[in-house]
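Asks: quick one, fold the following:
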Amino acid sequence: MSIEQITKNHATETVPAPPRLLKGAQIIWEVLQREGVETVFGYPGGRVLPMYHALAEYPIRHILVRHEQGAGFAASGYARATGKVGVCVGTSGPGATNLVTAIADAMMDSVPMVAITGQVATNLIGKDAFQEIDATGITLPITKHNWLVTDVADLARVIREAFYVASTGRPGPVLIDIPSDVQLAETQFTWPIEVRMRGYRPTVHGNVRQIRAAAELINTAKKPIVVAGHGVVISRAFEELRELAEKAGLPVITTLHGISSFPESHELSFGMLGMHGSAYANRAVQECDLFIGIGMRFDDRVTGKISGFAPNARIIHIDVDPAEIGKNVRTFTPIVGDVKGVLAALVPAVEAKRHDEWVEQIREWRRAVPMTYIRESEEVLPQWVIRQLYEVTGGDAIIVADVGQHQMWAAQHFWFDKPNSYITSGGLGSMGFALPAGMGVKLARPDENVWVVVGDGGIQMTMMELGTIAAERIAVKVAVINNGYLGMVRQWQEFFYGRRYSASPITTPDFVKLCDAYGIPARRITEKSQVRPALEAAMAHDGPMLLEFVVAEEENVYPMVPSGGSLSDIIIEPSN
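Replies: This is a model prediction of the structure:
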């Protein structure tokens, strides 16, 4: 569903509910149900007991997580997988603060989420009551908007507004803080048919004049490239991007979050740019004369040193958030609007062209330094494990990656043709994201093969959610890449801190025994000959399964652009 459709649905809802007396706790679930919510992730506590008491009256599935951070990440995974608003619940005080990292992660990655927190009774607010915390104050910088509801008569309207804000314009998280006495209070419930918020009018349609100007630049460019970001995935503009690339003969490169927005087997696909992007993608950026940035924000991991970024290019920037235009790089032609609609208008305006010489040049660079190369080794190499995962699944899987080296290897060595099939924490880079997010993804898309790819460090941050996976029978597969280190930290220590591995070696539990305690099948893989059979066994198992791959300890991610360097300063391979 596009942003435009979501906006239209909120603005024209015409199914009124007959007025009836309801408690605030009932109103919460009533509105959630009417907003189409089917699954909620949460953890009860004293200040949300009224709403949990009312939950039994409504056909909404509640997933009891083992930590509120898990609820937030799971709601995020659910939202990323579907485009719908994810919902998480926590009580006051520590329940609310435990949601903070997941909320911040959703804010950085533009994920539509509604977080509902309990609060102490209104007469106790500001008096340091037990488990009182200023949830709206804490989350003000990391939400699109938040509300403290002190009058039950406002509750239905506020929840409707929350869903509208979370899902329109540039999506993002919102928070609703609801005191316990408001949950217990009664009021005449009526369905708020329209959502009207003064001052909030997100731009959806791109400016026609700017679209024409962009088309003229594309039509006259000699060395154009498209860089597709997360906005393409959020807007579900997969077909529009493909039509633009094929009609105008445009090479397509992606950001980390743009992976799976364009089929990587396509002849015009040239992988990922940036700090751990391919040498040929980065070189294409440095030598292009037109850079078409679609739904991306030009963050530092993409651009490297700004002064050295795309030095020969005019930049077209398409983004739904006007605050991103010109924030990091100077834009020649800005277009504010929903990516799907802008591309639909842009495609007819561009000329049918080919750039065979330019495309062949990028292919030559790719042949010289292919991203697909994996050195021969008797050890189990982590990138080789990812390649085997690709081959066993045939690419027919959703990869939910945690943060670190394995995240980059998954981006580099699993080839994504399936739309919206690579889900990861990009902007905030939250270790511990993948396991709970994978739960949310699998619940959202139960018929898909969902693989969590996580490091031995990241999984230990949220591995209590194995309990949720077991209890709820969530058939997610988990690949733990265990190199005995906080891998990316160790790599930076090797490169920039004289190999002083301070606090980066990490021990792990016996994952096989741990999973056995939860009733989840698991295997520990230490030899190359064991890798493929283990992956095939996991694929054949009708339920959750964990595979621990013990891999080479000091393997590094290449290529790499050093922090502070330009894309031209890329390190291709280790120096001897």
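Asks: chain center to stretch 211-230: distance?
Replies: From the chain centre to the centre of stretch 211-230 is a distance of 26 Å (C-alpha atoms, centre = their mean, to the nearest Å).
Asks: who's in contact with V453?
Replies: If you count contacts by C-beta atoms under 8 Å, 6 or more residues apart in numbering, V453 has them with I386, L389, I399, V400, A401, D402, H406, Q407, A410, A434, A479, I481. Quick note: C-beta positions are derived from backbone N, CA and C, even for glycine.
Asks: strands - which of those land there?
Replies: Of those, the ones assigned to strands by DSSP state E are I399, V400, A401, A479, I481.
Asks: thought P202 was touching D319?
Replies: No. Using C-beta atoms under 8 Å, P202 is not in contact with D319, being 11.7 Å away.
Asks: find residues that contact each of the two.
Replies: In contact with both P202 and D319: R170, using C-beta under 8 Å, 6+ apart.
Asks: could you report the pLDDT at the closest residue to G70 other than its chain neighbours?
Replies: Residue nearest to G70 in three dimensions, not counting chain neighbours: P436, with 3.9 Å by C-beta to C-beta, 6 or more residues apart in numbering. Note on P436: pLDDT of 98.
Asks: P436: helix or strand, and which one exactly?
Replies: Element membership for P436, per DSSP states H and E: helix 434-444.
Asks: which SSE is immediately downstream of that helix?
Replies: Remark: after helix 434-444, the chain's next helix or strand is strand 450-455, criterion DSSP H and E.
Asks: gap between that next one and the chain center?
Replies: On C-alpha atoms, centre = their mean, the centre of strand 450-455 falls 14 Å from the chain's centre.
Asks: kindly export it (C-alpha atoms) in PDB.
Replies: Output of strand 450-455 as PDB, limited to C-alpha atoms (Å, rounded to 0.1, in the frame of the first residue of the first chain):
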ATOM      1  CA  VAL A 450      12.700 -16.400   7.300                       C
ATOM      2  CA  TRP A 451      16.400 -16.700   8.400                       C
ATOM      3  CA  VAL A 452      17.900 -14.700  11.200                       C
ATOM      4  CA  VAL A 453      21.600 -14.100  10.600                       C
ATOM      5  CA  VAL A 454      23.200 -13.000  13.800                       C
ATOM      6  CA  GLY A 455      26.600 -12.800  15.400                       C
END
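Asks: measure how that strand sits relative to helix 434-444, angle-wise.
Replies: Strand 450-455 runs at 180 degrees relative to helix 434-444, counting by axes from the mean of the first three to the mean of the last three C-alpha atoms, to 10 degrees.
Asks: any idea of the mean pLDDT for strand 450-455?
Replies: 98.
Asks: partners of that strand, with directions?
Replies: strand 398-401 (parallel), strand 477-482 (parallel) (DSSP bridges).
Asks: quick check: next helix or strand after that strand?
Replies: Downstream of strand 450-455, the first helix or strand assigned by DSSP H and E is helix 459-462.
Asks: elements contacting the next helix or strand after that next one?
Replies: As assigned by DSSP H and E, the chain's next helix or strand after helix 459-462 is helix 466-472. Here helix 466-472 touches strand 61-64, helix 434-444, helix 511-518, going by 3 or more C-beta pairs under 8 Å, 6 or more residues apart in numbering; DSSP states H and E.
Asks: among those, which is nearest V85?
Replies: Nearest of those to V85, taken as C-beta to C-beta: helix 434-444 at 11.6 Å.
Asks: what's that closest one packed up against?
Replies: For helix 434-444, the elements it packs on are strand 39-42, helix 68-82, strand 398-401, strand 422-424, strand 450-455, helix 459-462, helix 466-472, judged by 3+ C-beta pairs under 8 Å, 6+ apart.
Asks: same list (those) but as JSON lines, adding distance to D134.
Replies: Shown next, in JSON lines, are the helices and strands packed on helix 434-444 (distance: least, C-beta to C-beta, whole Å):
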{"stretch": "strand 39-42", "distance to D134": "21"}
{"stretch": "helix 68-82", "distance to D134": "17"}
{"stretch": "strand 398-401", "distance to D134": "33"}
{"stretch": "strand 422-424", "distance to D134": "31"}
{"stretch": "strand 450-455", "distance to D134": "33"}
{"stretch": "helix 459-462", "distance to D134": "26"}
{"stretch": "helix 466-472", "distance to D134": "29"}
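Asks: nearest to G274, of these?
Replies: Comparing those by C-beta to C-beta, strand 422-424 comes nearest, at 13.5 Å.
Asks: what about the closest one, distance to the chain center?
Replies: Between the centre of strand 422-424 and the centre of its host chain there is 6 Å, according to C-alpha atoms, centre = their mean.
Asks: give the rounded mean pLDDT of it.
Replies: Per-residue pLDDT over strand 422-424 has a mean of 98.
Asks: what strands line up against it, and which way round?
Replies: strand 398-401 (parallel).
Asks: residues contacting the partner strand, please?
Replies: If you take C-beta under 8 Å, 6+ apart as the criterion, strand 398-401 is touched by 77, 81, 407, 410-411, 414, 416, 418, 420-424, 434, 437-438, 441, 445, 448-454.
Asks: what do you get if the cut-off is 6 Å, keeping everything else the same?
Replies: The contact list for strand 398-401 (C-beta atoms under 6 Å, 6 or more residues apart in numbering) reads 407, 410, 414, 421-424, 434, 437-438, 441, 448, 450-453.
Asks: what ranges does the stretch 1-150 of the chain have for its helices?
Replies: Using DSSP state H, counting those that start in this stretch, the helices of the stretch 1-150 of the chain run over 3-11, 24-34, 49-55, 68-82, 94-97, 100-108, 135-139.
Asks: T333: which of those is closest?
Replies: helix 3-11 (21.1 Å).
Asks: please work out the average pLDDT along the closest one.
Replies: For helix 3-11, mean pLDDT rounds to 45.
Asks: and what of stretch 97-105?
Replies: 98.
Asks: list the contacts of it.
Replies: Residues contacting stretch 97-105 (C-beta under 6 Å, 6+ apart): E68, Q69, G72, F73, G90, A115, T139, I142, P173, S425, L428, S430.
Asks: farthest-apart pair in these, please.
Replies: Most distant of the contacts of stretch 97-105, by C-beta to C-beta, are G90 and S425, 19.4 Å apart.
Asks: need the three-state assignment for the nearest residue to V208 once chain neighbours are set aside.
Replies: Excluding the flanking residues, the one nearest V208 by C-beta to C-beta, 6+ apart is A345, at 7.4 Å. When classified by DSSP: H, G, I helix; E, B strand; the rest coil, A345 comes out as helix.
Asks: returning to what we had before: what does the helix holding P436 contact?
Replies: Contacts for helix 434-444 (C-beta under 6 Å, 6+ apart): 39, 70, 73-74, 76-78, 81-82, 398, 400-402, 450, 452, 454, 462, 465, 474, 476.
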